Structure formats: C-alpha cells, structure tokens
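*Asks:* coordinates only, sequence not included:
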C-alpha cells in the first residue's frame, strides 16, 4: 500500500529486493539525510513501541546530552512480567556480550529498535560497515563507538501482544557470538593499541598471555599426569595456578578500566 497517496508528509520507499531490516533502515537514513532532517527516529513495526514516548526519546538530543538515544524495556518490572521468559533470558545474555563488543557498558537492552539519532552523527557513520540484517542494531552501536558518540538509555514501557518475533533464536545463537567476539577483539586492538596506549593496554598485554599460558600449561600437565596415573609435582600445580590468577586479575583490571571508559561528555 502506497501510504504517500493518503498523506503527503509520508514518503514511501520500496526495495526491488528484500534487503532486511538493516537495509531498509539504511535506505531510510539516507533519505532522511537527503531531506536535511535534524533528528531521525526509528520505530519498529511490531506495535511494541508507543509513539507518545517520542518527545522523551529525543529530549537528550535536543538538550545536547547525547548524539544517540534508545529505548530500554528493562526498567519497567510490570511490563517485564508480560515478556516471554525465553526472550527475557536471551536479552539479558545478549545485552552483556553486546556491551563488551560495542564498548557501551552504560546501556542496557542494546537490541531495542526504538532509537533516535542526530543527523550530523548519522552522516559521520560508514554505512558500508553497518549490517543489513538482524545484526543491524548491534553493528550500529559498534560504528557509533568509533565515532565517540554519546548514547543515553530512555526507559519506556514495551507493549507485548501475540506477535511472533521474526528473529530466529537458533540463528542468533549461531551467528551473533562469532561476530561479537571478532568485534570485541577489533575494538580492544584499535582502542588500546592503535588509537591509544594506556594502563589498560598494559593490563591486556600482560594479562592475556599469562592467563593463556597458565591455562594451557595446566591442562597439558593435568591430562599428562592423569593418563599416567601419577601425582603432579607441587611446582607443576602452583606455576599454572599462579599464572592463571595473576593473568585473570590483570584482565579484570583492564575490563574495569574499559567499563568506565565508554563515550561520555567530558564534563560528566
């Protein structure tokens, strides 16, 4: 249905081939920039988002508190009860690994599709690096991080009905983790070894090999002495244990630094 015929303010854009949710959004974003929109809002078509929340969503952008805002369904405990338990658990786990991959430790519900962005921030993104399918929201966060964009969560009540999510749980479990792991490694390398070098860089540089060495050395000797039905010497036990503990502590310190180092206003 061509909605533009019934309302001249609506511009209907059609793809000859299905490009997924990300492809649709990138086309819409490009059109919004062409029209010189100041703020671009995304609302999913599943009926879970109340348009009355739009003023609250764009307020941090107007007040120059953030460059990008997104909804957060997890602040409303009453609404959470109506969310399917499998979706709740999946969102919690996915939220944590997306935080690590994107660097935005301050946000929650990162796959939420109720978002708003400033046009100048959007114009600075490389659209070719943003995923065109269901990984769109996550890849968007990752690109925003490299542009040092400040993101603010906006709590709102989600509306849950009988709709069925088009996102396959199996595909999410299979496809997302490898992409997120690669994104995490890339972010750490760029952030702490190419763009900058600080105390977290030293923690990562020392902690990673120590932890891996202790783990590998310990496992090799564990299987060796188990197969030979012998007791391992005390030193053989203590050395990998010490490396694992020290390496883990250094990595925890690096992660702690990273958690506090998300993009934010300098005067915050």
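*Replies:* Arrived safely, thanks for sending. Quantities reported herein were computed from a predicted structural model and do not represent experimental measurements.

*Asks:* contacts, neighbours, all on C-alpha from now
*Replies:* Noted.

*Asks:* which SS class is the spatially most central residue of the chain?
*Replies:* By CA atoms, centre = their mean, the chain has its centre lying nearest to residue 98, at 3.3 Å. Here residue 98 is recorded as helix under DSSP: H, G, I helix; E, B strand; the rest coil.

*Asks:* Residue 139 is in contact with that one, correct?
*Replies:* No - applying CA atoms under 8 Å, one finds residue 98 not in contact with residue 139, separated by 9.6 Å.

*Asks:* Okay, buried residues for the longest helix seen in the chain please.
*Replies:* The single longest helix within the chain, with elements called by DSSP state H, is helix 199-227. Of the residues in helix 199-227, 200-205, 207-208, 210-215, 217-218, 221 count as buried by neighbour count, 16 or more other CA atoms under 10 Å.

*Asks:* Give the rounded mean pLDDT of that helix.
*Replies:* Averaging pLDDT along helix 199-227 gives 94.

*Asks:* Past it, which element shows up next along the chain?
*Replies:* Counting by DSSP states H and E, the element after helix 199-227 in chain order, helix or strand, is helix 234-259.

*Asks:* count of neighbours near residue 122?
*Replies:* 24 (other CA atoms under 10 Å).

*Asks:* Let me fix that, I meant to ask about residue 123.
*Replies:* 12.

*Asks:* Equivalent analysis for residue 101, please.
*Replies:* 25.

*Asks:* now residue 192
*Replies:* By other CA under 10 Å, neighbour count at residue 192 equals 18.

*Asks:* same thing with residue 26?
*Replies:* 18.

*Asks:* Which residue, other than its chain neighbours, is closest to it?
*Replies:* residue 127 (7.0 Å; CA to CA, 6 or more residues apart in numbering).

*Asks:* what about residue 70, which SS state?
*Replies:* Residue 70 is classified as strand under three-state DSSP.

*Asks:* For the closest residue to it other than its chain neighbours, grab the count of nearby residues.
*Replies:* Distance criterion CA to CA, 6+ apart; nearest residue to residue 70, sequence neighbours excluded, is residue 115 at 4.2 Å. Using other CA under 10 Å, residue 115 is surrounded by 21 other residues.

*Asks:* quick one, phi/psi of residue 115?
*Replies:* Torsion angles at residue 115 (phi, psi; degrees, to the nearest 10) stand at phi -140, psi 160.

*Asks:* what sits against it?
*Replies:* 41-43, 57, 68-71 (CA atoms under 8 Å, 6 or more residues apart in numbering).

*Asks:* Are any of the residues you listed buried, and if so which?
*Replies:* Buried among those by 16+ other CA under 10 Å: 41, 43, 57, 68-71.

*Asks:* would you list those residues in TSV and tack on pLDDT?
*Replies:* Compiled in TSV, the buried ones among the contacts of residue 115 are given as follows (pLDDT from 0 to 100):
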residue	pLDDT
41	95
43	90
57	94
68	97
69	96
70	94
71	90
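
*Asks:* Pick the one among these closest to residue 18.
*Replies:* residue 43 (18.8 Å; CA to CA).

*Asks:* right, and that closest one touches residue 113 too?
*Replies:* Yes - under the contact definition of CA under 8 Å, residue 43 touches residue 113, with a separation of 6.3 Å.

*Asks:* can you give me the helices for the stretch 51-200 of the chain?
*Replies:* Here the stretch 51-200 of the chain has its helices, by DSSP state H, counting those that start in this stretch, at 54-62, 77-82, 85-102, 119-123, 136-146, 169-189, 199-227.

*Asks:* Now distance to residue 34 too, for the ones you listed, in TSV please.
*Replies:* Converted to TSV, the helices of the stretch 51-200 of the chain look like this (distance: least, CA to CA, whole Å):
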stretch	distance to residue 34
helix 54-62	20
helix 77-82	38
helix 85-102	28
helix 119-123	10
helix 136-146	20
helix 169-189	30
helix 199-227	41
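
*Asks:* Perfect, that will be all.
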